[in-house]
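Here is a sequence together with a model predicted from it:
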4 protein chains.
Amino acid sequence: MYQDLLSQIYHEVKALRLTGQQTAYIPELANIPADKFAIHLSTITGQKYGVGDFDEKFSLQSIAKVFAFSLAYKIKGAGIFNHVGVEPSGDPFNSLVQLEQEQGFPRNPLINAGALAVCDVLINELANPEIELMSFIRQIAGNEKITYNTAVYKSEKSTGFRNRALINLMKSFGRINNDPEEVLDLYFKLCSIEMTTAELSQTFLMYANRGKLPNSNVQILTESQSKRLNAIMQTCGFYDEAGEFTFRVGLPGKSGVGGGIAAIHPGKYAVAVWSPLLNSKGNSIKGMKALELLTTKLGWSIF
Amino acid sequence: MYQDLLSQIYHEVKALRLTGQQTAYIPELANIPADKFAIHLSTITGQKYGVGDFDEKFSLQSIAKVFAFSLAYKIKGAGIFNHVGVEPSGDPFNSLVQLEQEQGFPRNPLINAGALAVCDVLINELANPEIELMSFIRQIAGNEKITYNTAVYKSEKSTGFRNRALINLMKSFGRINNDPEEVLDLYFKLCSIEMTTAELSQTFLMYANRGKLPNSNVQILTESQSKRLNAIMQTCGFYDEAGEFTFRVGLPGKSGVGGGIAAIHPGKYAVAVWSPLLNSKGNSIKGMKALELLTTKLGWSIF
Amino acid sequence: MYQDLLSQIYHEVKALRLTGQQTAYIPELANIPADKFAIHLSTITGQKYGVGDFDEKFSLQSIAKVFAFSLAYKIKGAGIFNHVGVEPSGDPFNSLVQLEQEQGFPRNPLINAGALAVCDVLINELANPEIELMSFIRQIAGNEKITYNTAVYKSEKSTGFRNRALINLMKSFGRINNDPEEVLDLYFKLCSIEMTTAELSQTFLMYANRGKLPNSNVQILTESQSKRLNAIMQTCGFYDEAGEFTFRVGLPGKSGVGGGIAAIHPGKYAVAVWSPLLNSKGNSIKGMKALELLTTKLGWSIF
Amino acid sequence: MYQDLLSQIYHEVKALRLTGQQTAYIPELANIPADKFAIHLSTITGQKYGVGDFDEKFSLQSIAKVFAFSLAYKIKGAGIFNHVGVEPSGDPFNSLVQLEQEQGFPRNPLINAGALAVCDVLINELANPEIELMSFIRQIAGNEKITYNTAVYKSEKSTGFRNRALINLMKSFGRINNDPEEVLDLYFKLCSIEMTTAELSQTFLMYANRGKLPNSNVQILTESQSKRLNAIMQTCGFYDEAGEFTFRVGLPGKSGVGGGIAAIHPGKYAVAVWSPLLNSKGNSIKGMKALELLTTKLGWSIF
């Protein structure tokens, strides 16, 4: 059933000939063929369904913030909320206005400022932050080969002036413990992680499965943590378009400017989509549409 | 089972001796005894459970915005989103900053500006807006006696300068069709509607029941509209604390400065709580805590 | 000498064929012929020089705020600064953002919010506010016939939603003592006052003459008050273009959306210009240019 | 006459026992004895008058921005205004909010963002920016020994996260040509320049003397540039207290968080004051008061 549904959605979205902008500020992302498009769904009972370019790697960008936050939440428990909040920002993902007004305390872990604060916490807590973070992501992906793209990482590092502004502003408020450049380095590696659409839907299954790895039954996050993280994705996962996504799709999820979106239906499945064409809010246009059609046709949203 | 659970939560919350502020700007609300506290839960299969002062009327205030929006959504369909958005505001419920920056277009129907825009639409569309709106609310409440409190209405009308500022700002951007004072009049009546906690949980059952009245099976909102309205409540129902509520409680809901909160679990139940002590964001402190305990103890949130 | 200079400037500015927008939101002002242009200069020693349409009435609009503030300053002394500040706003003349952030305290008496606060003070202090304010303006103008234009007043009153938003916001912060509509009524009459360019330069002479009427030697403002009012005009007289005017012209002054500008050189002269074409900041384009040429050619600015 | 007047003001201000805060974020400045106080006045005809600690060095901080801008204005002429504006900011000196809203274009050259943009221009234009800037300042000071304090420079460089945020934000908007760290280095050296109060009043004489060095008659800035720079100091020289300074003192000037203020009366004199106690806006409390008394007692302001 799912396989036919995904094919139908895939062709329906393709037929709409939606257009958008590709990320311009990272040259490596600007050159991805604009017509790439994939949908992949993994159920907690182990089925997998895919259509389109679901075996091609793409840059996770902000989607990877979910993983860094998961690890920090696992380590610090509720103490992580001394470093980041849980409120939607109502502003673009990289806005400094709110951060200045709120004395450098980031609204949530899924905007840039919040993810930088999370990386700072990981550097505090871990002996080898980069290695341990990558290892954690490989564990929940069930895939030892997940890594970041060096060219994208270097490109972001050499041009990430806005993120440099964000972290120095937080540092000026005493919110960052480590050297800003060290935190940025971890952050840029995180954002440069690549997965295929199939790998991404598999990796997100844990969030649909109450914090447990579906294959091994290892509990990564507690059930309560998993629910709360899903709640944060629901209200904060799509920059200043979180309301629109919740309204149209009705599932918790997270998008990235690489054109990917991952979403989950708790207790049922994880789904990932990828198309590099973005709307003005930085979310994949075809991805949003595909997920909207999915929950409409299934008659299933969480609401 | 539910009855014992509610009693347990009721006493557990009482024992916490939580304190807060009562609404100061409406004298009629400032005089409610601070220790009033009620929880009431109605299931879509017809059971009802209550504890505390669930048979006393209180002022719905912003909770009533859900009903006005429901009627406008029913009448206009998706066209209502030409008048209000679906994004969380990230700002206090009565902020003008964002409204000015966004040329008078309200972020969502559950902040003051949005509810004023909704009232303006109702005046456009209805021959007798006040009568038809009240009639609609009585229909979904299944209770012909629901009405507004005249003293509260008059009090709000004579002191509602902030709301007068909001609507005149929207009017200056051409967003309001009718005389601002006429719209304010309907809005203040709406906010002054009173229900008991039991009546409120009953009235919200429709939103847990895919838009259908549970007793009569009359379809008030379409299933899709009902889901989407729930999605809006999830991201926008608690002023600039929507993230916190989603995080802690994990249910769509709406609060009011009268100290009430109504929330729903789609397909299961509606629950209402009331205690006039508010936190700094304008949400009932005991109410938030009671609902957090409810979903924690039940192990049920939508995530 | 002045006469030739003004003629030269007049023709030089005309030759530039500068274009701009006329005020759209007051229909009566939108219909003024776009090519109207006048310059008039009065010295404190009694000479008068004019060129162009300097004997035609135009709507003072915000220029009249200087007169209302002068009267309130005369009455209340330094106590007036409990009601308005002396800082430039850095924002457009009718912005609510700053007013909300600063709890309804207006930055200075020459933006709309500040002039509304000043009108509120005049209503507190005067038995017949409208009559006494008009009488005061006639006194400093040395002209018993100065009055407001009824059509403009009515037009502003029926469409002044932005000003209604401003005063209700201030009222919500407890900054306004009287009924907002009563304050607005005085404010709209003030803004609707008409003068010719010649009358305006004559009326501003008092500010060039240390607070004394040049003909009668009656001291209206103290010398200190006069200097301080000039300082406020220097930093706040041109909305969010006060820096530009100070930079280019180097004289204290005040502009209005009717296309007029009045400026003074302390101890020397008052000058008024009028042309209804405005730049994007709401200041007369030809007027700014004419005054820039005047101080450049004279080699006289206050700096 | 001036000598007696300055003594009188000095004792009058001392007797007021004004208190304030010393700069906390630069440890070297936090340790200056709080009771340091000096006034020094230099006339364009060559007289010099001083009282108090006018022969002790202090850190110029933001006052030095005037010199960097003077050099950039001299080099680029009006072209410098492609890099910085001339409007007061209405916000604190180091705010990012406005800078973000205005796409990284700094309001004026006397706030931090503007001075950083000016330093970037100097690096573009000069073969040896540091040496040539220092040489320029020594020339207008008529003192070859003027230099910066190494400890203060290093301290600012190691803690200047807010300035690092500002310049990276501007860089992200494409407003900065050079490596942010290189620009910051020049900027921190500029801010760390030390002078005595006597040296400062001597250095500012050029701005009172239409751009000409009073001793040598060398024309550094054109007469027009000098006037325009004075106009910018008038509207922008005191962070978000420029209106207050203009209102109370009525002279163009510039303050720094080292507790210094320099001001000029065009055609007459330059005056400098120093006391490390600051008000909440970052301006010297005793300095503001001394200058207010000076222009009140002299009966001379520019208004």
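Received the coordinates, thanks. Numbering: from 1, shown residues only, chains lettered A, B, ... in the order given.

what residues are up against A:Ser135?
Counting by C-beta atoms under 8 Å, 6 or more residues apart in numbering or on different chains, A:Ser135 touches no other residue. For glycine as for every other residue, the C-beta is placed from the backbone atoms N, C-alpha and C.

any idea how far B:Gln3 is from it?
49 Å (C-beta to C-beta, to the nearest Å).

Equivalent analysis for A:Ala151, please.
In this view, A:Ala151 and B:Gln3 are 62 Å apart by C-beta to C-beta.

Tell me how far the residue of the stretch 151-300 of chain A at minimum distance from chain C lies from A:Asn283.
Nearest residue of the stretch 151-300 of chain A to chain C: A:Asp240, at 18.1 Å (C-beta to the nearest C-beta). In this view, A:Asp240 and A:Asn283 are 10 Å apart by C-beta to C-beta.

Check A:Leu29 too.
For A:Leu29 relative to A:Asn283 (C-beta to C-beta), the value is 14 Å.

list the contacts for the residue nearest to the spatial centre of chain A?
Residue closest to the mean C-alpha point of chain A, counted by C-alpha atoms, centre = their mean, is A:Ile63 at 1.4 Å. Counting by C-beta under 8 Å, 6+ apart, A:Ile63 makes contact with A:Leu200, A:Lys254, A:Ser255, A:Gly256, A:Gly258, A:Gly260, A:Ile261, A:Ala262.

thinking the second one is in contact with A:Thr235, fair?
So the one you mean is A:Lys254. No - shown here, A:Lys254 and A:Thr235 do not form a contact pair, counting by C-beta atoms under 8 Å, at 11.6 Å.

A:Asp240 and A:Asn283: which is more packed in?
Neighbours were counted for A:Asp240 and for A:Asn283 using other C-beta atoms under 10 Å in any protein chain shown; A:Asn283 has more, 26 against 21.

Tell me the confidence at the closest residue to chain C within chain A?
In chain A, the residue that lies nearest chain C is A:Gln101 (9.0 Å; C-beta to the nearest C-beta). pLDDT, A:Gln101: 87.

ok, for it, nearest residue in space, not its chain neighbours?
Nearest residue to A:Gln101, sequence neighbours excluded (C-beta to C-beta, 6 or more residues apart in numbering or on different chains): D:Val97, at 7.3 Å.

burial of that neighbour, as a residue count?
17.

where exactly do the helices run in chain A?
Per DSSP state H, chain A carries helices over the ranges A:2-15, A:27-30, A:65-76, A:97-101, A:112-125, A:129-141, A:150-159, A:161-172, A:180-191, A:197-208, A:223-236, A:242-248, A:285-298.

Residues touching the fourth one, excluding its own?
Residues outside helix A:97-101 that contact it (C-beta under 8 Å, 6+ apart): A:89-91, A:105-107, A:113, A:166, A:169-170, B:90, D:95-97, D:100-101.

Check the third one too.
Among residues not part of helix A:65-76, those counted as contacts by C-beta under 8 Å, 6+ apart are A:80, A:83-84, A:109-110, A:114-115, A:118-119, A:121-122, A:125-126, A:132-133, A:136-137, A:140, A:190-191, A:193, A:203-204, A:207, A:220-221, A:225, A:229, A:232-233, A:254, A:262.

need the residues of chain A near chain B, please.
Within chain A, the positions near chain B by C-beta under 8 Å from any C-beta of the partner chain are A:85-91, A:98, A:107-108, A:223-224, A:226-228, A:230-232, A:234-236, A:240-244, A:246-248, A:250, A:252, A:266, A:296, A:299, A:301-303.

Show me how to select, in PyMOL, the buried members of those.
To isolate the buried ones among the residues of chain A next to chain B in PyMOL, judged by 16 or more other C-beta atoms under 10 Å in any protein chain shown, type:
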select buried, chain A and resi 85+86+87+88+89+90+91+98+107+108+226+227+228+230+231+232+234+235+236+240+241+242+243+244+246+247+248+250+252+266+296+301+302+303
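
A:Lys289 contacts A:Leu16, doesn't it?
Yes - because the distance of 6.7 Å satisfies C-beta under 8 Å, A:Lys289 is recorded as touching A:Leu16.

Which residue is the nearest non-sequential neighbour of A:Leu294?
Closest to A:Leu294 by C-beta to C-beta, 6+ apart is A:Ile9, at 6.0 Å.

What distance do you get for the residue of chain A closest to chain C to A:Glu56?
41 Å.

Comparing the two, which shows the higher neighbour count?
For A:Gln101 versus A:Glu56, neighbours defined as other C-beta under 10 Å are more numerous around A:Glu56 (16 against 13).

List the residues that contact the more buried one.
So A:Glu56 contacts A:Lys36, A:Ala38, A:Thr196, A:Thr197 (C-beta under 8 Å, 6+ apart).
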